[in-house]
Each structure stands twice: as structure tokens, then as C-alpha cells.
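Colleague: Sequence first, then the predicted structure:
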Amino acid sequence: MRDLMGFRETRLKILTLRPNSKVHWLSYALGVHVCGDPEGAIGVLDSYVGTLEEGSTEFCRGFESSELALYKNRVLSEIREVGNELVGVKKALEHLEEIRDVVVDRTGWLQAKLSYQLQLGMFCEARDTCFLLFQRGCTEDHRVHGAYMCALVNCDRDTCVQVQKLRGTGTLATLRPLTDTERKILIDAYEDSAKDCDGSHIQNGAPYDVHDGEGATKKNLAARFPRSAAIKRIYLTLLSPSSEQFRTSIDKYCQRQLIKGVPSLGSDLSAMYLVEKSNGNVGYDRIHYVLATDPADVKLHPVYQQLVQLTDSYIHSLSSQNTFPNDSTEHPPSTLLWAWYLRSILHEQAAEYANGITLINKCIEHTPTGVDFYELKARLLEAGGDIQQAADVVDAGRDLDHQDRYINNQTTKTLLRAGREEDAKKRIAMFAIHEGDPEQNLYDMQCTWFELELADSCRRKGQLGRSLRKYMSVVKHYEDYHEDQFDFHAYCIRKVTLRTYCELLKFEDEIWGLPFYGHAAEEIVKIYLHILDTPIQSNDDDEPDYSKMTSAERKKAKNIARKKKKSQEKSDINGCKKSEDSSKPTDDNRKKGKRHPVNEDPNGLELIALDPTTEAKKFAAILVRHAPKNISSWALQYDVSIRRGKMLMALQVSSHAFRSL
């Protein structure tokens with residue numbers, strides 16, 4: 001797809017012909033950069049700046065000059081030298097101070113500075129930078145909290161880099177086990193207290209002097225930013241699940257959320273089911289955390305056991321007194337309702353579906369208009385094996401709110417899993433364009449989840465051709481995503497959004513390893529392997545055995561075959577005429593604008609007719625190249641190798657699969 005060296009040479013020739021254009025300078029600098037020569041890219045940018053006159057807009061504060069300066073700073077950080085990998089990081093940190101007055105994106109400037117300081121081990125300065133980010137409104141950004149933790153406990157460079165790559169609510173506390181010393185330092189920083197280490201009161205939200213050295217690290221985040229939900233949530237991850245302090249803190253956290261009626265409390269707390277795992281296969285033996293998903297592991301987890309005890313005590317106390325245990329404040333009946341809901345989710349996590357359904361039925365009897373209750377009951381029924389009733393329940397919840405797109409989509413998914421394709425199309429059509437086929441509209445909108453669910457439904461019904469067609473539609477969407485990167489090139493160069501464009505290029509390199517594409521590719525390989533093992537028999541075009549017929553029977557059979565052939569040709573001609581008529585733009589179609597191409601193979605007969613070995617080999621190779629950490633990729637590559645008779649290749653695949661575990 002990309003010829004980087006060719007791009008670099010072409011941009012150089014264009015720049016030589018038209019050196020007065022800013023776009024050509026930036027395009028050539030980008031070409032040098034993506035070819036792996038950051039020093040050369042810096043030289044090109046410096047040469048461009050040297051051609052500018054004094055007082056040019058590139059030297060003034062503005063969006064384009066800011067983006068160009070930050071892009072140059074990022075390229076500087078990528079410079080490496082033998083024996084000194086941090087030389088580029090040092091230069092980039094010094095360069096940040098030089099461009100301070102030009103940069104408009106102050107938050108991006110601070111985040112880059114924080115990253116460089118952590119890599120260089122400048123932890124005191126990194127703590128000050130974190131507080132500046134917190135004051136700018138980044139208190140809910142867990143990446144900043146992760147960096148702040150690394151600065152507090154003086155982590156090594158590899159750990160700092162890993163923490164910066166975490167997504168969602170991941171921090172240092174969810175990456176690896178903490179030592180007792182590290183845990184104490186972090187608890188002091190995140191503990192919900194209104195006093196600092198000297199006993200003096202800290203006013204909430206007051207300006208903070210980040211230049212007071214080590215004293216800055218002793219200030220309490222929870223007291224300074226009392227409205228931050230992230231700080232309260234992170235504090236729970238710092239405590240030992242077996243401690244009384246954890247039980248008290250999570251008790252307050254759950255009570256606050258239950259009073260508010262937060263449906264996502266169960267899934268929020270499930271992220272704390274962390275178990276230790278060795279990482280010795282990477283080359284160094286380290287312990288890191290992974291999320292427990294197996295119901296047997298969840299039941300044994302101390303956090304889950306604490307939650308079960310607390311929730312049961314809530315239900316008992318609220319049912320009898322409308323208060324929480326050891327509390328005299330009365331709460332509305334909705335608090336008991338959400339306590340039931342939380343306990344039902346805990347039953348779901350432990351695969352106790354019958355008990356979960358019993359409790360969620362209480363919720364529905366209490367408040368029949370709660371859409372969340374129907375959705376949870378449908379999930380429990382589906383997990384318990386009754387997919388048909390699950391579809392009816394979630395559809396009943398959808399009837400309560402026809403404007404809710406989320407519950408409508410969940411209903412469509414469940415109906416497709418139940419094999420009720422027509423009902424699912426009617427539901428999804430409510431939020432699609434009403435004119436025309438909703439399935440075609442969803443294809444135009446690249447609604448990947450619907451096409452995957454529909455393809456899975458067709459596969460379960462044995463409609464392999466139609467299923468292949470839908471899976472190939474998903475593959476086509478990702479091919480379109482990959483080709484769309486060319487549309488962004490000229491725009492990003494012209495608008496000088498070079499940092500974002502570099503991130504886009506990295507994303508495009510990893511696009512074939514994304515879950516939705518992986519699901520479609522895996523199912524395509526499985527279908528072609530099934531076709532290879534059990535070829536589809538077609539008796540329509542097979543000629544009868546005339547040798548065993550009499551002359552009269554032979555003549556009669558030939559006449560029947562001739563009439564059948566003419567009838568087939570006539571129907572094909574009529575079908576072509578209809579497709580041509582439907583593809584012509586009518587007055588209504590002109591008003592609606594877009595003209596949709598006619599799918600000439602909706603049942604996927606052409607796809608089934610392809611060589612199954614070649615197609616399976618192609619998609620299996622893509623999976624092992626772009627999703628090597630998935631054991632299913634190697635399992636499919638092994639099956640393909642066995643079908644092709646490549647025993648040595650199958651042995652090599654087995655070795656790779658073992659190392660991916």
C-alpha cells in the first residue's frame with residue numbers, strides 16, 4: 001500500500017521544482033520522517049524556517065505555527081544514538097521551553113513535557129507538571145494520574161512507558177502489584193482527607209503553588225479536587241482488598257452510587273477483579289495484573305466477596321428500615337431498587353443466572369418502566385441459554401422508549417442471535433433511512449456490528465454463501481478505511497495537523513488487527529475450511545447418465561434439459577433488465593441524491609465458488625501477521641496448513657501458538 005522511499009524521492013523532486021511552497025517543504029519533511037530518519041526531517045524543517053522572512057506568521061503564536069513546532073518536537077524525541085537512547089528526549093525537553101510562547105495547545109505541551117520528564121527520571125519536575133495538568137481540568141484523565149503515580153514512587157523508565165500506553169481507567173495500581181512503601185506513598189496522596197501532612201486545612205479548589213519542591217508531593221488530591229470521580233475511584237485500587245480500610249472505603253463508594261442510582265456501578269467495580277500473572281515469556285520475569293473473567297475466578301476474588309457481603313447487608317437493611325447498615329438516614333425506595341440491581345449483576349458475574357433473574361424480576365415489579373432492568377434480564381436469559389425469551393424481554397424494554405438508540409440496537413442484536421432476522425430488520429429500520437432497504441442503508445453507513453451479527457445468524461442457519469457475503473462486507477469496510485488515509489494526506493499537510501496525521505498512519509498500520517475485522521476474517525476462514533471438508537453438491541447443472549437410458553428416455557431427457565436451459569436464460573435476461581431499470585435514477589432517486597449499486601450476488605454464490613484453500617490461506621496469513629497475540633489466529637493457520645499438507649509449517653505454527661500464550 002505504501003512506497004515510502006518512492007514518496008520521499010517524489011516529494012524531493014517536487015520541492016526542487018517549487019521551493020516556494022510551504023506544502024512541499026512539509027510533505028518532504030514528513031516523507032523523510034516516515035522513512036525512519038528523524039534527524040533528516042529536523043534538517044528539512046530547519047531549512048524551511050531559514051527561508052522565512054523576519055516577522056513571518058511561523059514565528060508568531062498561532063494554530064499552524066503551534067502544530068508545526070510541536071511536530072518538530074515530537075520528531076526530536078525520536079532521535080536515537082548508539083549507547084544513548086535518551087539524547088532525543090533531552091533535546092525535545094529543551095526545545096519545549098524554546099517554543100513555549102508559540103504553542104497554543106497548552107495541554108498537549110504539558111503532556112509532552114511530562115512524558116519527557118518521566119523518561120529522564122526528573123520525578124520532582126514531573127510531579128509539578130502533573131499538578132499543572134490537574135489544575136487545567138485533567139483530573140479525570142487516568143493517563144495523567146498514572147504518570148503522577150510513577151513520579152511519586154520513582155518508577156523505572158520501562159514502567160513509565162507502559163503506564164503511558166494504558167487505556168481507560170488503567171494506572172500503575174492496575175498494571176502491577178505495589179510494594180508496601182509504594183502503596184503507602186500513593187494512599188497518602190489519594191486518601192480522602194481535608195488536611196495536609198502539617199495538619200493545616202486545605203481549601204478545596206484553591207490555587208496551588210507547584211514550585212514548593214518535595215512539599216508539593218505531600219498535598220492531598222482528594223481534598224484539593226473534591227469533585228473528581230477519578231480520584232475517588234483510583235483510591236479504591238490502592239487499598240488491599242483484605243484490609244478494613246478497603247471495606248470502609250468501598251462501602252462509602254457503593255452507598256453514594258446506589259443513592260444516585262448509577263446503573264454502571266457493577267461494571268465499574270468489576271474492573272477491580274485483578275489477578276496476578278507472570279510475564280516471564282517476554283525475556284524478564286515480572287508480575288503484572290490481568291482481569292479475572294472466568295466465573296470461578298470471580299467468585300474467589302476478595303473484591304467480589306466483599307461486594308457480595310456489602311450488597312446483601314444493604315438489601316437486608318433497606319428492606320426492613322430504609323437505611324444503610326449503621327446509619328440512621330432514611331433513603332427513598334429507589335435505593336433498595338438499585339441495590340437489587342447491583343446484586344443481580346454480581347450474580348451475573350458469578351454465572352448464577354437463576355438467582356440473578358429472580359432479583360431482576362423484583363426490580364421490574366417495583367419499577368416496570370426501567371429499561372435497564374429489561375436489558376439485564378435479557379443478558380441473564382441469554383447467558384442461561386434461553387435466547388428466544390431474552391429477545392422477547394429486551395424487545396419489551398425497547399417498547400418503553402422508542403427514542404433510545406442503544407436499547408434498540410441491543411434488541412436488534414438479540415433478535416439476530418435468536419434467528420429472528422425479519423424482526424431485527426424492522427427494529428433497526430426505526431433508526432435508519434425509511435426509504436429503501438434498511439440493510440443497504442446500514443451497509444452505506446458501515447454499520448459493522450449489525451453486519452457481523454447478521455452474518456453470524458446466517459451462518460448458524462447454514463446459509464454459508466449469504467454469511468460469506470456479509471463477512472466480506474465487513475472486510476470491504478476496513479479496506480475502505482485503509483484507502484481513506486490518502487484523503488487525509490493533502491488536508492493534514494495543508495492544515496499542518498502533522499501530529500494527528502502520524503497517529504493516523506500508525507492506526508492504519510494496525511487496522512487489520514482490530515477485533516471486528518479479526519472476527520470477520522476468522523469466520524471466513526472457518527467457512528472456507530468447512531466447504532473444503534464438505535464440498536457443496538450442486539445437481540442443477542449435472543447431466544443425466546444417457547448411457548443407461550433407452551432411446552425414448554434419452555430423447556425425453558434431452559428435451560427437458562433443453563427447455564430448462566431456455567427457461568434459465570430467459571429468467572437471467574429478465575433479471576438483468578430489472579436490475580438495469582432499478583439502477584436508473586428516477587425523479588424520487590434524484591431528489592434523495594445517492595444511487596445505490598445493485599448487489600448482483602446477495603447469496604454469495606460467487607464467493608462459495610472460489611477456491612476455498614486459497615481464500616482460507618489468504619485470511620489466515622493476515623490474522624497471524626496482524627493479530628499474533630490471539631491464539632485463535634494460530635489455530636486457524638494450523639488448520640489451513642494441515643489441509644494444504646504442509647506439516648512442517650503446521651509444526652512451526654504450533655510453536656508460535658505456544659509462545660503467544
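Modeller: Cool, got the structure. Only a predicted model underlies this, so the values are computations on that prediction, with no experimental measurement involved. Residues are numbered from 1 along each chain as shown.

Colleague: now the strands for the stretch 151-300 of the chain?
Modeller: Counting by DSSP state E, counting those that start in this stretch, the stretch 151-300 of the chain has these strands, from start to end: 274-278, 287-291.

Colleague: Reformat the ones you listed as TSV; add mean neighbour count and mean pLDDT.
Modeller: For glycine as for every other residue, the C-beta is placed from the backbone atoms N, C-alpha and C. Converted to TSV, the strands of the stretch 151-300 of the chain look like this (neighbours: other C-beta atoms under 10 Å; pLDDT from 0 to 100):
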stretch	mean neighbour count	mean pLDDT
strand 274-278	13	89
strand 287-291	14	90
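
Colleague: now for these, which one comes closest to Lys565?
Modeller: Closest of these to Lys565 is strand 287-291, at 61.3 Å (criterion: C-beta to C-beta).

Colleague: residues making contact with the closest one?
Modeller: Contacts with strand 287-291, where a contact means C-beta atoms under 8 Å, 6 or more residues apart in numbering, come from 174-177, 271, 273-279.

Colleague: Now Leu118: closest residue in space, sequence neighbours ignored.
Modeller: Cys160 (4.2 Å; C-beta to C-beta, 6 or more residues apart in numbering).

Colleague: closest to Gln309 out of the strands of the stretch 151-300 of the chain?
Modeller: Counting by C-beta to C-beta, Gln309 lies closest to strand 274-278 out of these; the figure is 19.1 Å.

Colleague: so how far is the closest one off the chain centroid?
Modeller: Centre-to-centre, strand 274-278 and its host chain are 22 Å apart (C-alpha atoms, centre = their mean, to the nearest Å).

Colleague: how much does that strand deviate in direction from strand 287-291?
Modeller: 140 degrees (axes from the mean of the first three to the mean of the last three C-alpha atoms, to 10 degrees).

Colleague: So Val103 belongs to a helix, correct?
Modeller: No. Using DSSP: H, G, I helix; E, B strand; the rest coil, the secondary structure at Val103 is coil, not a helix.

Colleague: Count the residues that sit near it.
Modeller: By other C-beta atoms under 10 Å, the residues close to Val103 number 19.

Colleague: list the contacts for it?
Modeller: 61, 66, 69-70, 109.

Colleague: for His366, same thing?
Modeller: 333, 337, 340.

Colleague: Likewise for Ala112?
Modeller: 70, 73-74, 77, 92, 96.

Colleague: before we move on, what about Gly108?
Modeller: Leu70.

Colleague: secondary structure class for it?
Modeller: Reduced to three states by three-state DSSP, Gly108 is helix.

Colleague: Could you check how far it is from Ser115?
Modeller: 11 Å (C-beta to C-beta, to the nearest Å).

Colleague: picking up where we left off before, tabulate the strands of the stretch 151-300 of the chain (a markdown table), appending distance to Asp423.
Modeller: Converted to a markdown table, these look like this (distance: least, C-beta to C-beta, whole Å):
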| stretch | distance to Asp423 |
| --- | --- |
| strand 274-278 | 40 |
| strand 287-291 | 35 |
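
Colleague: and Leu152, which of the ones you listed is closest to it?
Modeller: Of all these, strand 287-291 sits nearest to Leu152, with 18.8 Å by C-beta to C-beta.

Colleague: low-scoring stretches of the stretch 51-200 of the chain, by residue?
Modeller: 193-200 (pLDDT under 70).

Colleague: Next: the stretch 451-600 of the chain.
Modeller: Checking the stretch 451-600 of the chain against pLDDT under 70 turns up 536-548, 568-600.

Colleague: That one: helices as residue ranges?
Modeller: All helices of the stretch 451-600 of the chain, identified by DSSP state H, counting those that start in this stretch, fall at 464-495, 498-509, 515-533, 551-583, 587-592.

Colleague: Of all the ones you listed, which one is nearest Ile315?
Modeller: helix 515-533 (36.8 Å).

Colleague: just checking, what packs against the closest one?
Modeller: Here helix 515-533 touches helix 448-460, helix 464-495, helix 612-626, helix 631-643, going by 3 or more C-beta pairs under 8 Å, 6 or more residues apart in numbering; DSSP states H and E.

Colleague: In the contacts of Val103, which residue is surrounded by the most others?
Modeller: Most neighbours among those, by other C-beta under 10 Å: Ala69, with 25 neighbours.

Colleague: For that residue, pull up the helix or strand it's in.
Modeller: Using DSSP states H and E, Ala69 falls within helix 63-77.

Colleague: Sort out which residues of the helix or strand following that helix are buried, please.
Modeller: Scanning forward in sequence from helix 63-77 by DSSP H and E, the next helix or strand is helix 87-98. For helix 87-98, burial by neighbour count (16 or more other C-beta atoms under 10 Å) applies to 88-93, 95-96.

Colleague: Could you save those as a markdown table and add columns showing distance to Thr411?
Modeller: A markdown table is the format used below for these (distance: C-beta to C-beta, whole Å):
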| residue | distance to Thr411 |
| --- | --- |
| Gly88 | 53 |
| Val89 | 51 |
| Lys90 | 56 |
| Lys91 | 56 |
| Ala92 | 51 |
| Leu93 | 53 |
| His95 | 54 |
| Leu96 | 51 |
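
Colleague: Widest-spaced pair of the residues you listed?
Modeller: Largest pairwise distance in the buried residues of helix 87-98, by C-beta to C-beta, is 12.7 Å, between Gly88 and Leu96.

Colleague: Asp180 - how many residues pack around it?
Modeller: When neighbours are counted by other C-beta under 10 Å, Asp180 registers 8.

Colleague: right, I mislabeled it, should have said Arg176
Modeller: Arg176 - counted by other C-beta under 10 Å - has 19 other residues nearby.

Colleague: For it, list the residues it contacts.
Modeller: 159, 286-289.

Colleague: show me where the stretch 101-250 of the chain has helices.
Modeller: Using DSSP H, counting those that start in this stretch, helices in the stretch 101-250 of the chain cover 106-119, 123-135, 142-153, 157-164, 172-175, 180-190, 221-224, 229-238, 244-260.

Colleague: and the fourth one, how far out from the chain's middle?
Modeller: On the basis of C-alpha atoms, centre = their mean, helix 157-164 sits 21 Å off its chain's mean C-alpha point.

Colleague: Just the buried residues of it, please?
Modeller: In helix 157-164, the ones that count as buried by 16+ other C-beta under 10 Å are 159-160, 162-164.

Colleague: Those residues into TSV, with extra columns for distance to Ser267?
Modeller: Written out in TSV, the entries for these read as follows (distance: C-beta to C-beta, whole Å):
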residue	distance to Ser267
Thr159	27
Cys160	29
Gln162	24
Val163	23
Gln164	25
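
Colleague: Nearest to Cys458, out of those: which one, please.
Modeller: Nearest to Cys458, judged by C-beta to C-beta, of these is Gln162 at 41.7 Å.

Colleague: Just give the number of residues close to the nearest residue to the closest one once chain neighbours are set aside.
Modeller: Nearest residue to Gln162, sequence neighbours excluded (C-beta to C-beta, 6+ apart): Leu175, at 6.3 Å. When neighbours are defined as other C-beta under 10 Å, Leu175 has 20 of them.

Colleague: what do you get for Ile527?
Modeller: 23.

Colleague: Quick check: nearest residue in space to Gly266, chain neighbours excluded?
Modeller: Gly266 sits nearest to Ile345 (C-beta to C-beta, 6+ apart), 3.2 Å away.

Colleague: who touches that neighbour in this structure?
Modeller: Neighbours of Ile345 in contact, by C-beta under 8 Å, 6+ apart: 265-267, 356, 376.

Colleague: for Val32, what are its contacts?
Modeller: Counting by C-beta under 8 Å, 6+ apart, Val32 has contacts 8, 40-41, 44.

Colleague: wait, doesn't Leu337 sit right on Thr367?
Modeller: Yes. At 6.1 Å, Leu337 counts as touching Thr367 under the criterion of C-beta atoms under 8 Å.

Colleague: and the closest residue to Tyr304 other than its chain neighbours, how far is that from Leu291?
Modeller: Of all residues not flanking Tyr304 in the chain, Val298 sits nearest, at 5.3 Å (C-beta to C-beta, 6+ apart). Val298 sits 10 Å away from Leu291, going by C-beta to C-beta.
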